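Give me a model of this one.
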Amino acid sequence: MKKFLFAFTAMIVLSAIYTSVFASTGSNLMADSATSEIGNILHIAPVMYGFALAVIIPDFKEKSSEEVLAMSREDFEGYLAEKKRFESATMKSELQKEIAEAMKESGDSERLKTLETKMNELIDENDHNLLQIKALTEKQSIEKPVGLIALLKEKSADIAKMLEAKTGAVTMEIEMKASQDPTDIGDREQLGQWLTGIGQIPSRRTYIKDRIRVVPTNKEYVKYMDQATIVRDAKGVAACAVTTSNTKLTWAQFDLQTKKVRDFVDVCIDMLDDYDFVNAEIRNLIDSSVALKVDNDLLLADGLGVNIAGIASYSSTFAANNPVADYSLQIQAATIIDLIVVAGAQIMAFGEQNSFMADTVYINPKDYTLMKLLKDGEDNYIKQGTVDPRIFQDRNGRLWIDGNILILPNPAVPQNELYIFDSMKATIYQRKNAVIEFSYENKDNFEHETVTVKAYERLNMLVRNTQANAFMHVADIALAVTAITKP
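Residues are numbered from 1 along each chain as shown. Predicted structure coming up:
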């Protein structure tokens, strides 16, 4: 048990002795026996209050609860002692005259009863202050001794001797009461509130199927024919004169094979049986794994072997000096916005200003952010209605350039690169939608009580030969901007 050692001076003990004496007399101090019991008090009072006449009330400034809570343990104990000295001295100063008068007029029972009531009120107020101090100390985790008044009664004789001798100290050991602490509850963290659901690690969303149409097929191959060559040789003619013509067409057959993307994982059957959430978690894992692989390949795969034919496999590479539409060194103070407009203009030129119109740009999120933060020469943001009327942000926060080109940040695009294309010129042929299957008979599954969970898709993306120039890749944004910038 923790113990506190208290050395009480005569001034501090004064109110305690009064408390002790009044408590011992009880109700007998009232009514007919008042004079007799007060005599017992007055037997000690001359000694106490004769000594008290020399008291000086110390300076003391009451502190707020916030100030007390901010104190260290040592500062708080000093403040508490100072407060007690001030309260005791003030009490003695107020009562000493009245007690002296009562000693002279001990036959006045009404006067003594009034004095007793006043002293009891002061003692009650002192006890109330102790309770307030106890509440503050508990907030600072400072243990406060309990049973103080009872112990003072027990030591009243020793205190009287000390007062009579006007020297010495009274030593009191005060035991602390036991308290309950949260640590008394074993494994209490198990009693906490459980949140529903399983926290999901972030993954990027899919992009390509949002912009390119998906068509179902029930065949492994998609076959088609395109014009291979074309000659248009119309000539002017005078009246019915004879002319010649080399106009001619050739055709070629092409085919696209659907490709498969697959993933799987083995799971212990006991795990599926024992934990309800595992089944859904595994399904989501396999399904999202395949979906993200498909989305990545629809953008970047080269179409060779088992690989899907992605946008990258169809795209031409941007060149500022392309002879169809040469913009080399012609744009004043060019930016990435100018680059996108120029690339879109080249795609339109490849479509004879008639067939192709770029409507989608995929760009790395960092480059997208840097583009949104572009400023003019006076540090104003480039936005619609101010510096650059080509930029528009719709109600969904999506950014458009030139009124018809949607800019989409796509983490699959490498930084400092972009893809720009006419989304209407591509089609995704889907042989099998995402399929999830469970098998208990794969290899040694039966022996080890495991189940194989598998997911796969069969699909491919087609851009017809005649429309391949509707897709363009900018391999280096910084160099391309420099290439179109006017010196």
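
Quick one: find the helix or strand in the protein with the lowest mean pLDDT.
Taking mean pLDDT, DSSP states H and E as the measure, strand 3-7 is the helix or strand of the chain with the lowest mean score, a mean of 35.

contacting residues around residue 194?
Applying C-beta atoms under 8 Å, 6 or more residues apart in numbering to residue 194 gives no contacts. (C-beta placed from N, C-alpha, C; glycine too.)

mind checking the SS state of it?
Each residue gets one of three states, and residue 194 gets coil by DSSP: H, G, I helix; E, B strand; the rest coil.

Now do it against residue 259, distance only.
As judged by C-beta to C-beta, to the nearest Å, residue 194 and residue 259 stand 44 Å apart.

now swap in residue 197 and tell me
Residue 197 sits 35 Å away from residue 259, going by C-beta to C-beta.

ok, now residue 227?
For residue 227 relative to residue 259 (C-beta to C-beta), the value is 26 Å.

Please report phi then psi for residue 296.
When read as degrees, to the nearest 10, the backbone of residue 296 gives phi -60, psi -40.

Let me see the ranges of the helices in the stretch 201-350 of the chain.
Using DSSP state H, counting those that start in this stretch, the helices assigned to the stretch 201-350 of the chain run over residues 208-211, 269-274, 276-300, 311-314, 336-350.

To residue 368, which of these lies closest?
Among these, the nearest to residue 368 by C-beta to C-beta is helix 336-350 (9.5 Å).

Quick check: buried residues in the closest one?
336-344, 346-350 (16 or more other C-beta atoms under 10 Å).

If you count surrounding residues, which of residue 197 and residue 259 has more?
residue 259 (20 against 6; other C-beta atoms under 10 Å).

domain parsing for this protein?
Domain assignment of the chain by automatic domain parsing yields the ranges 3-180, 208-484.

Quickly, which of the ones you listed bottoms out on average pLDDT?
Here the lowest mean pLDDT among the domains of the chain goes to domain 3-180, at a mean of 57.

Spatially, what comes nearest to residue 232 if we skip its sequence neighbours?
residue 247 (5.7 Å; C-beta to C-beta, 6 or more residues apart in numbering).

need the contact list for that neighbour.
231, 232, 233, 234.

From residue 238, how far out is it?
Note on residue 247: its distance to residue 238, by C-beta to C-beta, is 20 Å.

How about residue 191?
Computed with C-beta to C-beta, the distance linking residue 191 and residue 238 is 103 Å.

what does residue 421 give?
From residue 421 to residue 238 the distance is 46 Å (C-beta to C-beta).

So which of the two has more stuff around it?
residue 421 (28 against 6).

that older thread, cross the contacts of residue 247 against strands and list the overlap.
In this view, the contacts of residue 247 that belong to strands under DSSP state E are residue 231.

Reformat the contacts of residue 247 as a markdown table; add neighbour count and distance to residue 412.
What follows is those, written out as a markdown table (neighbours: other C-beta atoms under 10 Å; distance: C-beta to C-beta, whole Å):
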| residue | neighbour count | distance to residue 412 |
| --- | --- | --- |
| 231 | 10 | 41 |
| 232 | 9 | 41 |
| 233 | 10 | 45 |
| 234 | 8 | 46 |
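
and the contacts of residue 247 as a markdown table, adding distance to residue 294?
Shown next, in a markdown table, are the contacts of residue 247 (distance: C-beta to C-beta, whole Å):
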| residue | distance to residue 294 |
| --- | --- |
| 231 | 41 |
| 232 | 41 |
| 233 | 46 |
| 234 | 47 |
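
now, which of the contacts of residue 247 sits nearest residue 94?
Using C-beta to C-beta, the contacts of residue 247 come closest to residue 94 at residue 232, 120.1 Å.

got the phi/psi numbers for that closest one?
According to degrees, to the nearest 10, residue 232 has phi -110, psi 110.

again, but for residue 186
phi -70, psi 140.

so how many other residues sit close to it?
Using other C-beta under 10 Å, residue 186 is surrounded by 6 other residues.

Start the count at 613 instead of 1 going forward.
Sure thing, new numbering starts at 613, so read that last one as residue 798.

now it: how far from residue 938?
Applying C-beta to C-beta, the value for residue 798 to residue 938 is 80 Å.

Flag every buried residue along stretch 1013-1028.
So, applying 16+ other C-beta under 10 Å, buried residues of stretch 1013-1028: 1013, 1017, 1018, 1019, 1020, 1021, 1022, 1024, 1025, 1028.

Looking at these, which are in strands?
1013, 1017, 1018, 1019, 1020, 1021.

Can you redo those as CSV, where the extra columns are distance to residue 901?
Shown next, in CSV, are these (distance: C-beta to C-beta, whole Å):
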residue, distance to residue 901
1013, 34
1017, 32
1018, 28
1019, 28
1020, 23
1021, 22
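
Now flag whichever of those residues is closest to residue 887.
Proximity of those to residue 887 (C-beta to C-beta) peaks at residue 1021, which lies at 37.0 Å.

what's across from that closest one in the sheet?
Counting by DSSP bridges, residue 1021 is bridged to residue 975.

is it true that it touches residue 982?
No - using C-beta atoms under 8 Å, residue 1021 is not in contact with residue 982; the gap is 11.0 Å.
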